[in-house]
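K.L.:
Quick one: sequence and predicted model below, then my questions.
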Amino acid sequence: MNLQVIPGVYNPKTGAWTLTLDKAQFALPSVQPNNESGNTLIYGHYRPEVFAYLHLIKPGAQATITTSNGYSFTYTYMNSQAFNPTDTSIFTYQGSPRLTIQTCSGAFMQNRQMYYFQYDGYAKV
């Protein structure tokens, strides 16, 4: 998949995220892709135009983020986990750089599925 990623905002008072029907969002409370530390969170709807097929990903698959300042960051998919939508612990992650992709899951899309990717490296493009 090849998606445009636009800024996205989480409102802690309402628990709501800004969302579009056809793009992924970079969660502004998370860190920009980097080679030092922190979690880069990208989220989007469970729709064919965005992340409806993400559940088919297999461990070892690679994801690449190309930034507007000319860098390409590569990550390898490790695993996924479902969370309650009110769980904001994703914003307190501290550690080596990683990518997390979030979309909805569950029979009624009541959960948030987090797909975790390990940082592999970067290059100037």
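P.N.:
Everything's here; your move. Numbers count the residues shown, from 1 in each chain.

K.L.:
mind listing the strands for the protein?
P.N.:
Residue ranges of the strands in the chain, as given by DSSP state E, are 5-8, 10-11, 16-17, 24-27, 39-43, 62-66, 71-83, 98-105, 111-124.

K.L.:
Tell me which of the ones you listed lies nearest to Pro33.
P.N.:
strand 71-83 (4.1 Å; Cβ to Cβ). Yep, even glycine has a C-beta here, placed from its N, CA and C like the rest.

K.L.:
Put the alpha carbons of that closest one into CSV.
P.N.:
Extracted as CSV, the C-alpha positions of strand 71-83 are listed here (Å, rounded to 0.1, in the frame of the first residue of the first chain):
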residue,chain,number,x,y,z
TYR,A,71,14.6,11.0,4.4
SER,A,72,13.4,7.5,4.1
PHE,A,73,12.9,5.5,7.3
THR,A,74,12.5,1.7,7.1
TYR,A,75,10.7,-0.5,9.7
THR,A,76,10.0,-4.3,10.1
TYR,A,77,6.6,-5.5,11.3
MET,A,78,6.8,-7.4,14.5
ASN,A,79,3.3,-8.0,16.0
SER,A,80,-0.1,-6.4,16.8
GLN,A,81,-2.3,-5.9,19.8
ALA,A,82,-5.9,-4.7,20.4
PHE,A,83,-6.5,-1.9,22.9
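
K.L.:
Pick the most buried one from the strands of the chain.
P.N.:
For the strands of the chain, ranked by mean neighbour count under the definition mean count of other Cβ atoms under 10 Å, the leader is strand 39-43 at a mean of 23.

K.L.:
then that one to CSV, C-alphas only?
P.N.:
Backbone C-alpha positions of strand 39-43 (Å, rounded to 0.1, in the frame of the first residue of the first chain) are rendered in CSV as follows:
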residue,chain,number,x,y,z
ASN,A,39,7.1,6.1,18.8
THR,A,40,5.9,7.4,15.5
LEU,A,41,2.1,6.8,15.4
ILE,A,42,0.2,6.7,12.1
TYR,A,43,-3.5,6.0,12.2
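
K.L.:
Now do it: which elements does it pack against?
P.N.:
With contacts defined as 3 or more Cβ pairs under 8 Å, 6 or more residues apart in numbering; DSSP states H and E, the secondary structure elements packing on strand 39-43 are strand 24-27, strand 98-105.
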